[in-house]
Structures are given as structure tokens and as C-alpha cells.
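> My questions concern the predicted model and sequence given below.
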Amino acid sequence: MKDVPNILWLEEIRKEDIISVGGKGASLGEMASIGLPVPKAFVVTAQAFRRFLVETGLEAKIFASYNKLDVEDNEALEKAAEGAKAMVLKAKMPATIRDEIKKAYKKISPDDLIVAVRSSATAEDLPDASFAGQQETYLNIKGEAALLTAVQKCWASLYGARAIYYRAKQGFDDHTVNIAVVVQQLVHSEKAGVMFTSHPITGEPKTIIEGSWGLGEAVVSGTVSPDNYVFDQRAEKVVDHFIANKKVEIIADGDNGTKVVDIAGARQDAQVLSDEEVTKLAMYGKIAEDHYGIPQDVEWGIVDKTIYILQSRPITTIGKKEAKGMPGQTSSGKIILKGQGAAPGIASGKVVIIRDVKDTGSVKEGDILVTRMTNPDMVPAMRKVAAIVTDEGGMTCHAAIVSRELGTPAVVGTKTATSVLKNGQLITVDGETGLIYDGAIAHAAPAKAAAAQGVAGHAPIITATSVKVNVSIPEAAQRAAATGADGVGLLRIEHLILGLNKTPGWFIANKKEEDFVVELHDGIKTVLDAFPGKPVWVRTLDAPTDEFRNMMGGENEPHEHNPMLGWRGIRRDLQSPDQFRLQVESFKRLWKEGYENLGIMFPMVSHPDQFIRAKEMMREAGVDVEKITLGIMIEIPSSAIMIEDFIRAGIKFASFGTNDLIQYTLAIDRNNENVADMYQPQHPAVLSLIHSAIQMCRAYDVECSICGQAGSDPKMAVWLVEHGISSISANIDAIAKIREAVARTEKRIVLEAARTKDAE
């Protein structure tokens, strides 16, 4: 922590720096590194915020102020939040931090540049949780004084009521959640909006773009119902568009802040984007999605025909969970309103019209929440209701995003719901078609009942190749299990440890070893419980030294020129027996409790001797190593080349970590902008290593899998099945398309074999 500066420039930042710059900051740095048009920016780091808390003496006071808070008690929640925010706002920013922010502001431009000041919490924009809207953004900020005030307001917003509530419900420890602040040149967008690089509900290869006049805040907040454009990636053309009536836009207001102004005349109904602009935006979106390996939610702006990419985060809602309402189509009924279906499902209930967040106390379980547009303060109420209806907004507004995450049917952009509907009125909401019916009308049979009746089309896709899922945090376990995956091909425990914000060495030095073991045990157990009877492969600790260095206990971590090639994975565990012992103790307890489906996977193994030594250390710790499932990651070319020696040493499975294998085979640092375009997942040398290792594993009947990013690419999945891989482990959002690609490939192979036999 001591070594991370108060200021980091965009050019210095990569996605691995999320612990220091938060989700927004890491994403911006990553996008800039791959050549996307990102406005210049710097980040006030999370470590600067932590120093602010420590040096002002606020840290203990803030946490004590709501330590035993019941977040379901709205009044108590609001009181605790206001108290915590007031403490942050009243505290004097340390001179060192203040001076460095001012210096960076002058460096970005000698004149008083107009900037956007955006909160970037270190737990936001993770693949399995969307923290969108939980902290504040301040636009059109000019001058040092206004900038410093905006930064401190961003810090304070970490303790807003909605932020505290959301973290509590998502299981995030407030003590470990920090906040960075992005200071970025403000793009005075003539038109702006949001883009989903794949369909946000189905995951289809269709880019959904929503746009309106002025700054993008109008679209994100739901202030305006935007134009909607659909670009089909397969046909490579615009296939649909809806031109909305756009009554207002958000623009800069003098030297500080923004204002909402009316749009005059024909411009209200004018088309915001040309087909050429839609196509170019979709291209940028595809670049971002291909780079991250997962569909993205991208904010964009256009000034004088120049496109700027302002933000990108993972879409967390594709196939997220079954909707609260009943699936299927409604029967005939009187349609009283129509809007845009934003979150699928059908639900009936009584209308509760919310005109102000203060009215949310009247919301009861099963109600239909009707409002002009939701905001993050309404999330507690949104969790209770059966469905949500808004006057304004589109597929990318707050109501749509949160509803999809909650699995709550939603219809947005109805224009008149708050005036047409009445409190207490019984209605039915169809979140797929966007239709709202009078009264409670019949639904089709639930999916499970239909399946029980033998309805065709509901049977799961069965494949000979196991399709498993990658999991990073326990909170994602249920969502991962809901995909129907055949197990977990990679559970990364470093995310459990990094979330504690303390290194294993800290727990050892402070005689808190039991706390570490329990935390690790409980996190892994959550995932095991979600996959009863299915294999769950847990990878031992693989955190690079630069990640440890930012945590308590990391002050003496070595400084490595390239930590990815340094002291990490099994090589570190073998030299840090106490660190390894704590992990093994967690595994031992789980095996003792009957979790025989737990397998352990060693990362960064380059020689069979390392596997043998790790196995021996487990034996010395009291593990019956002959009765458990031990395997290795194939990340280093030497492990692929020597796979037969590893098999003879006793591995029971091997899994390709393609992200590292590609880098180490080609000598390409994919985070280095000078060579990133040379990073080729399907380079002949990489494919040759994978092919030969698969064949050797098949010869010895050892399960061979893949858990790297390439496993989430359907094209790569086809190649892997053709070459005989035993299993594929993909990201949560990619499971459906990977299973489909695997099944299609297996059928083709069987069909071709049958035809060949017939020809003979």
C-alpha cells in the first residue's frame, strides 16, 4: 500500500490495477492500451483515499458509526449514511494529496480544463456484480477548488445509503472496499449513449445501441427515452432502429455542473445516429468484447463526428437468473400500456406510484413499482416488487439494468404510466413484450411444469465433453450453478484473499491464522454447496507480488520488473510453507466434511518436481494424497512439453491456462501496447502445444481441460472438441453458447464418422 502513489495516469493503468484504481479506472486504462479512443485522464488512487481516512482519523469512526446497522431499516440506514458522509466532507484533505491532485490537473492541461470527476470503487464493475450508480459522478468541473471538492464528494459517496445497502446485500466487507476517483477530460458530447456489445438478456451477437442528444447522462439516468439501434454482428449491418421522441437533453451549465434543457422542434424526432456511426460504434464494441472475452456495457460520446469511448464494464445480466414472474406468453387481455420490454418475465400485482424516493416506504412485497424513472436510492424497494414500470428510459437505463440483475420483469419507456395507472390498480406486466394488461391475467405453465409434461425444446443440451464454469467469487456461485454447468473448472481463491485486503503473511504474523483458514473454507464451501456431486477444481493461490504489495502485510513484498513472470503460483507456495499450510488446512476441513468433489489445481508449474514436492507437503500436513484429486495448470510451455512426466508423477487432471500460455509461448505481454496486437490465441505454436498435451492425456486417460479465456470463445471450443479435449470451462455468461458449440461439433463428428463408415 505504501508504494502505490496518490496519482496514476491512464497510460500506467491496466485491468490488474483494479485494487488501486477501481473498476472504471482499470477499464479506461485497459481500453486506452488497446487503442480505443479514450479521453485523457488520471486517477486519484484508492490508496490516496485510504491515506485520507488514516491521516484524518476517520477510519475507525466511520465504521463504528454503522457497525451493527440493520440495512433494512430505512430510517436508520439514512441516518448512518448521512453521518458517515458528513464526516468525510468536513475533514480536511491532507496537503500532500491535495497538492498532487492540483499538480496532475495542471499537467493534464495548463489551462483550467473542464473535466468529469467519476467515482471508481474497487468492488465495482466486477464480472459477477454490477455496482453501477452506487457512487457519484460530477460533470463539467472547472478549476482546482471545484475539482478538490468533487473528489471529496466522490469519497463521501462510498458511504451513501444505497452503496451501504448494496454492499451488505452482495456480501462485500465495507472495511475492504475502497474508492478511487477518475479525473477525465469532459467530452462535450453532441450526442451520446450506451452500447451493449451483445444482447443484454439473451447474449445473442447483436449490438444494442441507445443514443440521444447531449451528454450520455440523459440516457444512463433515464431522463430521456433514447433512440434504439440494433447491429447484427453476423450480417454486419444495422437490422433495426427505433427513433424516439426526445424532449430534453443534458448539457454543461457554465463552469460547474450540468442542466436539463428542452429540445426544440423537429430535433426531438430527428435520428441521432447514422448507419455509419452505428457500424463504427459496433466495431469499437466488438474490439472491447474480444479483448475482455466477455460482452461489454460501453458508454460513448460523439463530438463533431469523432467517437469517444468513455467507459466499459462487463454485462452482468445475460442469463443471470430466472425471472420472478412466470415465463411464457400471457393469454388474451386488455392492453392498457405499451413500452419497451427491458427484463423478461410476467407478473401481476397492485400498482404503487413512486414520485419521490421518500415514497418507497409504502412499497410492499409483490407490488408493481411505477415511476418516471428509478434511481439507485430506490434499489431496496426494487428488491421487493414483482415488476417495475417506468415512463422514461431504454434498455440501458438504471431500471432496466437493475431489473435484469434482480430477475424482476420490467417495462420501460411507456411515456404515461404514472398518469394512466392508478395506485392500487391490479395490472399484469410482460417484461419481454413490453405490454401491460388490465387486471391479473392467466400465464402459461411454468417452465418446470412444461418440462415435466415432456414439452419439446425444454430438454437440456447433453454433451460428451464436460462444459464447466469459471468462478471468481462465492457470491457468483448460485448464478454459475444456474447455467447448468457440469462443475467448476476453475475457482480462483486469490479473489477471496485479495478481498480481505490482508496478505496470508499478515494473518501469520498477527496470529490470526484461524481467521484466514475459516474465510477460505467458507468461501470455497459456498461454491461446493452450489455444485453438489459435481467436480469443483480449486486453484491454489496465484497472486502476483504487485497485488500483495497493495495489501496490509505487503510492505516487504519484492519489487519485480514483471510480476507475471515472478514469484507467484506454486513456486511461491513451495518457498512459503506456512502460506501453503493455511490453504491445505482449509482443504482438509472440507474433505473431512465430505466434499469429495473438491479437486486442487496447482498454478505456474514448470517441472514435475514442483508437483511432487507440493504433493509431499500435503502428505506431511496429514492429507491422504492418494485419495484426493490433484492436478496442474498448463500455463508454461515446459508443462505442456513435459505433460507425460507430470502424468507419471501422479496428476489426475490438467487444465490449460491459455492467457499465460499464449504470453509465455510467444513472448508477448498482452498488456504492453507496443506488442498487444501480436497476442494471438490461435497461433500455430500455441495450438501445437495444446494439441500434443491433449493427445498425451487421452493416451493415459487423464482428464484434460481448459479454463483460460480461450475456453469462452465458441470458435476455440469447436477446435478443442475436434482435437479431443475432455472438458471446457468457460465464463458464466459464455456457458450457453459454449455448450451449444460443443454439442453441434460433437454431432457433426459423429455424423461424419457414420457417413465415412457407410461409404466404406
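Sure, I can see it. Numbering: from 1, shown residues only.
> show me what contacts residue 491?
470, 471, 472, 524, 527, 536, 537, 538, 539 (Cβ atoms under 8 Å, 6 or more residues apart in numbering). Yep, even glycine has a C-beta here, placed from its N, CA and C like the rest.
> so the last one touches residue 489, yeah?
This means residue 539. No - at 9.8 Å, residue 539 and residue 489 do not qualify as touching, with contact defined as Cβ atoms under 8 Å.
> Figure out the length between the terminal residues of stretch 639-650.
One end of stretch 639-650 to the other measures 14 Å (Cα to Cα, to the nearest Å).
> Now do the buried residues in it.
Buried residues in stretch 639-650, counted by 16 or more other Cβ atoms under 10 Å: 639, 640, 642, 643, 644, 645, 646, 647, 649.
> Please apply the same query to stretch 89-108.
For stretch 89-108, by 16+ other Cβ under 10 Å, it's 91, 93, 94, 97, 98, 100, 101, 104, 105, 108.
> what's the answer for stretch 290-297, then?
In stretch 290-297, counting by 16+ other Cβ under 10 Å, buried: 291, 292, 293, 294, 295, 296, 297.
> Kindly format the C-alpha coordinates of the helix or strand harbouring the last one as CSV.
Meaning residue 297. Per DSSP states H and E, residue 297 falls inside strand 296-303. Output of strand 296-303 as CSV, limited to C-alpha atoms (Å, rounded to 0.1, in the frame of the first residue of the first chain):
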residue,chain,number,x,y,z
GLN,A,296,-19.4,-5.3,-22.5
ASP,A,297,-21.6,-2.4,-21.4
VAL,A,298,-20.0,0.7,-23.1
GLU,A,299,-20.6,4.4,-22.7
TRP,A,300,-19.8,6.6,-25.7
GLY,A,301,-20.0,10.2,-26.9
ILE,A,302,-19.6,11.9,-30.3
VAL,A,303,-18.3,15.4,-30.9
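> So in that sheet, which strands flank the following helix or strand past it, and in what orientation?
Counting by DSSP H and E, the next helix or strand C-terminal to strand 296-303 is strand 306-314. Counting by DSSP bridges, the strands paired with strand 306-314 are strand 296-303 (antiparallel).
> and the strand it pairs with, how far out from the chain's middle?
On the basis of Cα atoms, centre = their mean, to the nearest Å, strand 296-303 sits 18 Å off its chain's mean C-alpha point.
> which parts of that strand are buried?
296, 297, 298, 299, 300, 301, 302.
> quick one: which of these is nearest residue 14?
Minimum distance to residue 14 across the buried residues of strand 296-303 is 16.4 Å, recorded for residue 296 (Cβ to Cβ).
> In contact with that closest one, which residues?
Applying Cβ under 8 Å, 6+ apart to residue 296 gives the contacts 196, 197, 285, 288, 289, 312, 313, 314, 315.
> out of everything not next to it in sequence, what's closest to residue 562?
residue 669 (7.4 Å; Cβ to Cβ, 6 or more residues apart in numbering).
> distance of that neighbour from residue 560?
To residue 560, residue 669 is 13 Å away according to Cβ to Cβ, to the nearest Å.
> which residues does the closest residue to residue 666 other than its chain neighbours contact?
Nearest non-adjacent residue to residue 666, counting by Cβ to Cβ, 6+ apart: residue 683, 6.0 Å away. Residue 683 sits next to 662, 665, 666 when contact means Cβ under 8 Å, 6+ apart.
> Serialize those to JSON lines and add fields for neighbour count, pLDDT and distance to residue 189.
Below are these laid out as JSON lines (neighbours: other Cβ atoms under 10 Å; pLDDT from 0 to 100; distance: Cβ to Cβ, whole Å):
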{"residue": "662", "neighbour count": "24", "pLDDT": "90", "distance to residue 189": "37"}
{"residue": "665", "neighbour count": "21", "pLDDT": "93", "distance to residue 189": "42"}
{"residue": "666", "neighbour count": "18", "pLDDT": "92", "distance to residue 189": "39"}
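> Let's have those in JSON lines, adding secondary structure and distance to residue 700.
Below are the contacts of residue 683 laid out as JSON lines (DSSP: H, G, I helix; E, B strand; the rest coil; distance: Cβ to Cβ, whole Å):
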{"residue": "662", "secondary structure": "helix", "distance to residue 700": "25"}
{"residue": "665", "secondary structure": "helix", "distance to residue 700": "23"}
{"residue": "666", "secondary structure": "helix", "distance to residue 700": "28"}
